[in-house]
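Trainee: got a predicted model here, sequence first, then my questions.
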Amino acid sequence: MYILARSTDVVGPALNFVLRTGAGRRLARVALTSLLLLLGAASSEAQQRTHQILLLQSLDRGNLPVDQFTGNFRVEMDQRAGTPVNVVQIMVGPIGFVAASEQAVIDYIRSIFVDHRDPDLIVSIGGPAAVFARKHRRDLFPNAPLLIASVDQRWLDDAPLGKKETAVALATDYPAAIDAILQLLPQTKQVVMVVGSGQIGRFWRRELDDALRRRHDRVTFVWLDDLSLQETLSRCANLPANAAIFYLTYGTDATGAAYADDRVFAELHATANAPLFAALSPYLGAGIVGGSLVSVDELARTSADTAIRLLNGADPASVTIAAQRRGRPVFDWRELQRWGISESRLPAESVVRYRVPGLWQAYKGTVLSAAGVLAVQSILIIGLLHQRRARRRAELESRNNLALAADASRRLTMSALTSSIAHELGQPLSSMIHNAQAGRMMITADRATPDTMGEILSDIETEGVQATQIIDRHRTMLRGHQLDTKPTDLHAVIDESLGLVAHDMRARQVEVTVNVSSHPCIIDGDQVLLRQVLVNLVMNAMDAMTETPPARRRVTISTEVRGADVDLSVRDAGTGLPAQINGARFTPFVTTKAHGLGIGLTITQTIVDAHRGTVEARNNPEGGATFTVTLRRIDAPRALSGPPSAA
């Protein structure tokens, strides 16, 4: 019993025929697009001859190997035939209980071509279609050559090929496939053979029972051809350990229900608790572990080549094609991982597909881009670190140079203040000498009383302390010094600086006025270096007033708090800043003094810069110049540095 392929309509005598039979009433629901294609091709036959091919299918759509073979075969024919090819495709294989008699199928096929020329070639796909075509070829189109394609050669063993028949068959070595399973899974004790209950299932059960008999000493074969689909799935979901499943084909179960092969295989793969194997390539990627598979793609190309030769007039008897055998071992990486099969067990030269790409394979571009970005960032970081080290080295050298220059400047300044130092020390020393002489005289005259001698000794002690402070102040200015910042009171710096230059100011007849802010002027600075800045500015102010009348020689020192900053200003009444040195007054060795070196203001600016401050100079409208040093205040002193101011 057989069923025809789907179609959308049946016309003419074909419709009258099928409606006269019991099975035909069921066939009235079947669509025949093949007839419409044939009628369309006939309308253009006068313009160009179209090759007619009758394609007989063993199974309906949904069978993975048959669908892949049919699709590839038709594509190959369209691309390589050279002339238009019209394919009339009819399913003649038995399926379930919905079937028509063989004679009904024959009459139906002939009715399609009743008003058209016979097909140029008959192609059967699969075993049942091959059996049908060879059995009824004389009843159909005896003059058309028959190409038996995509059929296991076991289907052809009963009778040799006829004069107008040729075959593109495959030789599936099932015993070798079982051996391959045992190589991958040596502990396998049971192989479950999944196959349907129809004609195809019965054929394979009969053929393979004998072929696999010699493996019975190593493994037990369990056939599920007598179960329904649900029973088959349940059985495969509860297999014992060390079992494997070999899938052949399905189609119809024991209840007569027909199922699409792809659906059956998908459900089996989802529920089975043992690895799946098969013999044909379309199942790779759908759920089987893999093995040496017969390539359906290659089989379709060979079949198309053979069909074209027959359409071009080749004698079928002269076209002999060797049966296609298993190809190179190929495996699904996902299934190997799922069932814990090591790749070391795979045969030599095996191909592993569907491998989940690693980070490099999946994100090569991203990895390269990230690596490039990291490399650029690393280079930039290294460059910045190098610059930072160079800057720190430069800062250290700058501090050392600052210290050397500041020391030299202080020594020059102190050399200029030699007379001032001598005068300052002379006063307490003279007082000490006079007190000592007075005491000796009183002792000689026997007039020394304890109170008188105590008073004289107290005066000598006071003058000695004053002399010590003067010596310490000048020694501090002469000693080598590195930048050492700490909370420092600017008002104390002013007092100490004026103590250093007081004698020189009196000698030059210069009056000094100090206007300090009522707010605390505490900064984070080096007291010795700041004292040097103020002494330099005061000395420059006195030098600028050499030609100024004594009555107008005045230096004004003031502090002013502006928010977070404090301004320390030194104002003179001299000749002002010459225009020719504007913009270069802080440049080394630029000076307007006859005996100056031109490094005093440079040292001043360098010290102020080291304190992160600024120094500016401007001419006063009424004459003279003002130098202003701006420094950052701190909120509260941690510990004020320096000794108390000396009178």
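Mentor: Received, thanks. Source: prediction; values computed, not measured.
Trainee: sketch out the low-pLDDT regions of the stretch 351-500 of the chain for me.
Mentor: 361, 398-428, 434, 466-467, 469-483 (pLDDT under 70).
Trainee: how about 90 then?
Mentor: 356-372, 388-486, 496-500 (pLDDT under 90).
Trainee: now the helices for it?
Mentor: Remark: helices assigned in the stretch 351-500 of the chain by DSSP state H, counting those that start in this stretch are 359-362, 364-416, 418-444, 450-478, 490-507.
Trainee: how far out from the middle of the chain is the shortest one?
Mentor: It stands for helix 359-362. Helix 359-362 has its C-alpha centroid displaced from the chain centroid by 10 Å (Cα atoms, centre = their mean, to the nearest Å).
Trainee: contact partners of it?
Mentor: Val367 (Cβ atoms under 8 Å, 6 or more residues apart in numbering). (Each C-beta comes from the backbone N, C-alpha and C, glycine too.)
Trainee: quick thing: my sequence starts at 201, can you match it?
Mentor: With the count now opening at 201, the last piece we talked about shows up as helix 559-562.
Trainee: list the buried residues of that helix.
Mentor: By 16 or more other Cβ atoms under 10 Å, helix 559-562 has no buried positions at all.
Trainee: domain boundaries for the protein, per the record?
Mentor: The chain breaks down into these domains under automatic domain parsing: 212-370, 374-493+527-556, 617-680, 683-847.
Trainee: for Ala514, which of the ones you listed is the nearest?
Mentor: domain 212-370 (8.5 Å; Cβ to Cβ).
Trainee: average pLDDT for the closest one?
Mentor: Average pLDDT, domain 212-370: 77.
Trainee: could I get the buried residue list for stretch 274-291?
Mentor: Buried residues in stretch 274-291, counted by 16+ other Cβ under 10 Å: 274, 276-277, 281, 285-291.
Trainee: determine which of the domains of the chain approaches Ser518 most closely.
Mentor: domain 212-370 (8.6 Å).
Trainee: just the buried residues of stretch 274-291: which are in strands?
Mentor: Secondary structure from DSSP state E places 285-291 of the buried residues of stretch 274-291 in strands.
Trainee: re the thing from before, in JSON lines: the buried residues of stretch 274-291, plus distance to Met745.
Mentor: JSON lines is the format used below for these (distance: Cβ to Cβ, whole Å):
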{"residue": "Arg274", "distance to Met745": "113"}
{"residue": "Glu276", "distance to Met745": "111"}
{"residue": "Met277", "distance to Met745": "115"}
{"residue": "Ala281", "distance to Met745": "116"}
{"residue": "Val285", "distance to Met745": "117"}
{"residue": "Asn286", "distance to Met745": "120"}
{"residue": "Val287", "distance to Met745": "119"}
{"residue": "Val288", "distance to Met745": "124"}
{"residue": "Gln289", "distance to Met745": "120"}
{"residue": "Ile290", "distance to Met745": "125"}
{"residue": "Met291", "distance to Met745": "123"}
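Trainee: tell me the two of those residues that are most distant?
Mentor: With distances taken as Cβ to Cβ, the most widely separated pair in these is Ala281 and Met291, at 23.1 Å.
Trainee: burial measure for the residue nearest to Asp461 when sequence neighbours are not counted, as a count.
Mentor: Sequence neighbours aside, Asn263 is the residue nearest to Asp461 in space, at 3.9 Å (criterion: Cβ to Cβ, 6 or more residues apart in numbering). Counted with other Cβ atoms under 10 Å, residues neighbouring Asn263 total 26.
Trainee: go on, Glu467?
Mentor: 16.
Trainee: returning to that earlier point: and which of the buried residues of stretch 274-291 is nearest Ile521?
Mentor: Ile521 has its nearest neighbour among the buried residues of stretch 274-291 in Glu276, at 14.9 Å by Cβ to Cβ.
Trainee: from what I see, the closest one and Thr502 are in contact.
Mentor: No. Between Glu276 and Thr502 there is no contact under Cβ atoms under 8 Å: 9.5 Å.
Trainee: model confidence score at Met739, please.
Mentor: Looking at Met739, its pLDDT stands at 87.
Trainee: which stretches of the stretch 351-500 of the chain form strands?
Mentor: Per DSSP state E, counting those that start in this stretch, the stretch 351-500 of the chain carries strands over the ranges 365-370, 390-395, 420-423, 443-449, 476-477, 490-492.
Trainee: those helices in the stretch 251-400 of the chain, which residues are they?
Mentor: Per DSSP H, counting those that start in this stretch, the stretch 251-400 of the chain carries helices over the ranges 264-280, 302-312, 327-340, 374-384, 399-411.
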